[in-house]
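Novice: Got a predicted model here, sequence first, then my questions.
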Amino acid sequence: MSQLNYCPSAGDTHDAGNEAPMNDPLEGSGIHDDAPMKDSFEDTKALMKAAVAGNLDSLKGIVQSLTKGSGDPSAIFSFNIDGVSVLHAAAMFAQLEVSKYLVEELKGDVNAPGYGAGAEGMTPFMVSARSGDVATVKYFLDRGGDLTKADDKGRTVLHHAAAKGCCMVTKFLLSEGVPVDINYGRGTPLFLAAESGQDKTLEILLDHGADPNISVHCLGSPFFMALTKHSFKCMETLVKAGADVNWKTFGLTPLGFATARGGYTNFIQFLLDVGADANVSDDLGWLPVQLAAARDCREEVEMLFPLTSPIPNVPNWTIEGVISHAKIEAKKPLDQKNCQRRKSFLKLQADIAFKQKDYKLASELYDMAISHGESAALYANRSLTKLLMGDGEGALSDALRCRMLRPQWAKVFYREGAALMLLEEYEQAYDALLDAQNLDPQSAEIERELRKARELMTNMNASREQPDAP
């Protein structure tokens, strides 16, 4: 039986409230056409393909064909891929001649935000910075590109250049007077460079006076993010610039995070060498040596033990004694206040793992957070991680649990619909997504998935009605 297959959307919204990793706008999962004059997925694809390839003659022909009925060539900008217009596509791939045609002849707006899972409010000017081509960026700037405008995630053109590792563009934008620490509440360009592990643009920003200690609520400092990215180069550069290596995020220093999380053993000695304090406890009063001991990581305990002051409630102050005591204490139940703190901490770690696309670890951390108290958001987040791992049954189970806790939340039905799509239960998925749309009729994301469900359901029914070949 021939049918379309469903692929979970890479642009699916995560409920953590934190930013997803920066993907290229054209990595969206679906194509849709909101143009009033002609509804054709293939025409939209052809339009974008011509723009990306820089095939100006082909693009002009497609424009003429698609806008024949309206008589207005500028209507071409209503065709999009998840909110990404043809001008976004040309800008992202540094197709300067195509960009000039679209801007100068068709009056494309270089500051027009794209609305959709792929665009996230990015303008063509912002997208041009991700191309790495200074000439293209300069052209868009000369045509009125707004240096301080932010997208839906608080990122300006400088944020995009820095996070993508575009050194020459970063230098050019700074030379044009963009504030090096421009920040709309979701991090400076330096923070995004650290979060993306872009040590070269990070160094450029620091050379231009970027503050290494401007943090983001719930995510921490650039140094902390560089650690989560396992980027020695970024961390070393930040330390030289004066980064505070003991800055706490959700009650944890970078050293505390590394020892609690695991997987950072080769970073422990580096952290200690650059001034990390082994005697700063987490929000529950645990020192790094205890956190490492609770994980039974003797190698880390041996590094931390000589630098840790004796802990009064540990009767046997030896490496073996610390490990034994920590294991016993870790099994004891927490009081309500500390339980909530631990739940918040585990959710933070899960959110970070999700941002790094380590969905297995994120799911495990959400498991641990849920064990300290259920919440609809935790089940919704874990449902998404399972969806992205291809576990449709698990994703559906979590979506249904989420629904029991918060039955009037559109995201609940969206999660349920996505899980059912993966399980190829398209009719049920359509019903769930329709419920989601009724609760949130303005959501373009829900509308996009609803259209997918309708198409897959129609295709499935048509296949069932076809008689078997003799």
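Specialist: Everything's here; your move. All values reported here derive from a predicted model rather than from experimental measurement.
Novice: Could you check the helix or strand hosting A51 and say which residues are buried?
Specialist: According to DSSP states H and E, A51 maps onto helix 41-53. Residues of helix 41-53 classed as buried: 43-44, 46-48, 50-52 (neighbour count, 16 or more other C-beta atoms under 10 Å). Where you see a C-beta, it was placed from the backbone N, CA and C, and this is true even at glycine.
Novice: Check which helices and strands that helix sits against.
Specialist: Packing partners of helix 41-53 (3 or more C-beta pairs under 8 Å, 6 or more residues apart in numbering; DSSP states H and E): strand 32-33, helix 56-66, strand 79-80, helix 86-92.
Novice: Give me the buried positions along the second one.
Specialist: Okay, so that is helix 56-66. Buried-residue list, helix 56-66, by 16+ other C-beta under 10 Å: 56, 59-60, 62-63, 66.
Novice: Output that helix as CSV, restricted to C-alpha atoms.
Specialist: Extracted C-alpha coordinates of helix 56-66, given in CSV (Å, rounded to 0.1, in the frame of the first residue of the first chain):
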residue,chain,number,x,y,z
LEU,A,56,17.5,34.4,-11.9
ASP,A,57,16.0,33.6,-15.3
SER,A,58,14.2,30.6,-14.0
LEU,A,59,13.0,32.6,-11.0
LYS,A,60,11.6,35.4,-13.2
GLY,A,61,9.7,32.8,-15.2
ILE,A,62,8.2,31.3,-12.1
VAL,A,63,7.2,34.7,-10.8
GLN,A,64,5.5,35.6,-14.0
SER,A,65,3.6,32.3,-14.0
LEU,A,66,2.5,32.4,-10.4
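Novice: right, and S128 touches L96 too?
Specialist: No. With contact defined as C-beta atoms under 8 Å, S128 does not reach L96; the gap is 9.5 Å.
Novice: Give me the more crowded residue out of these two.
Specialist: Taking other C-beta atoms under 10 Å, S128 and L96 do not tie; S128 has more neighbours (33 against 19).
Novice: Now do the helix or strand A226 falls within: distance to the chain's middle.
Specialist: Using DSSP H and E, A226 sits within helix 222-228. Counting by C-alpha atoms, centre = their mean, to the nearest Å, helix 222-228 is centred 16 Å from the centre of its parent chain.
Novice: name the helices or strands packed onto it?
Specialist: So helix 222-228, by 3+ C-beta pairs under 8 Å, 6+ apart, packs with helix 189-195, helix 232-240, helix 254-261.
Novice: Please parse this protein into its domains.
Specialist: 43-150, 153-244, 333-373, 391-465 (the TED database).
Novice: Please report how far the residue nearest to S344 when sequence neighbours are not counted lies from V216.
Specialist: In space, and not counting its chain neighbours, S344 is closest to F250: 6.3 Å by C-beta to C-beta, 6 or more residues apart in numbering. F250 sits 12 Å away from V216, going by C-beta to C-beta, to the nearest Å.
Novice: what's the answer for D152, then?
Specialist: Counting by C-beta to C-beta, the gap from D152 to V216 is 16 Å.
Novice: who has more neighbours, the two?
Specialist: Between D152 and V216, counted using other C-beta under 10 Å, the more crowded position is V216 (22 against 13).
Novice: dump the residue contacts of the nearest residue to that one once chain neighbours are set aside.
Specialist: The shortest distance from V216 to any residue other than its chain neighbours is 4.6 Å, reached at G187 (C-beta to C-beta, 6+ apart). Residues in contact with G187 (C-beta atoms under 8 Å, 6 or more residues apart in numbering) are 19, 154, 159, 195, 214, 216, 219.
Novice: Drop anything exposed from those residues.
Specialist: 19, 154, 159, 195, 216, 219.
Novice: Can you tell me which of those is nearest R454?
Specialist: E19 (30.6 Å; C-beta to C-beta).
Novice: looking at the chain, which helix or strand does the model trust least?
Specialist: strand 32-33 (a mean of 34; mean pLDDT, DSSP states H and E).
Novice: re the thing from before, could I get the domains of the chain in TSV, plus columns for mean pLDDT?
Specialist: As requested, these are exported to TSV (pLDDT from 0 to 100):
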stretch	mean pLDDT
domain 43-150	91
domain 153-244	95
domain 333-373	85
domain 391-465	90
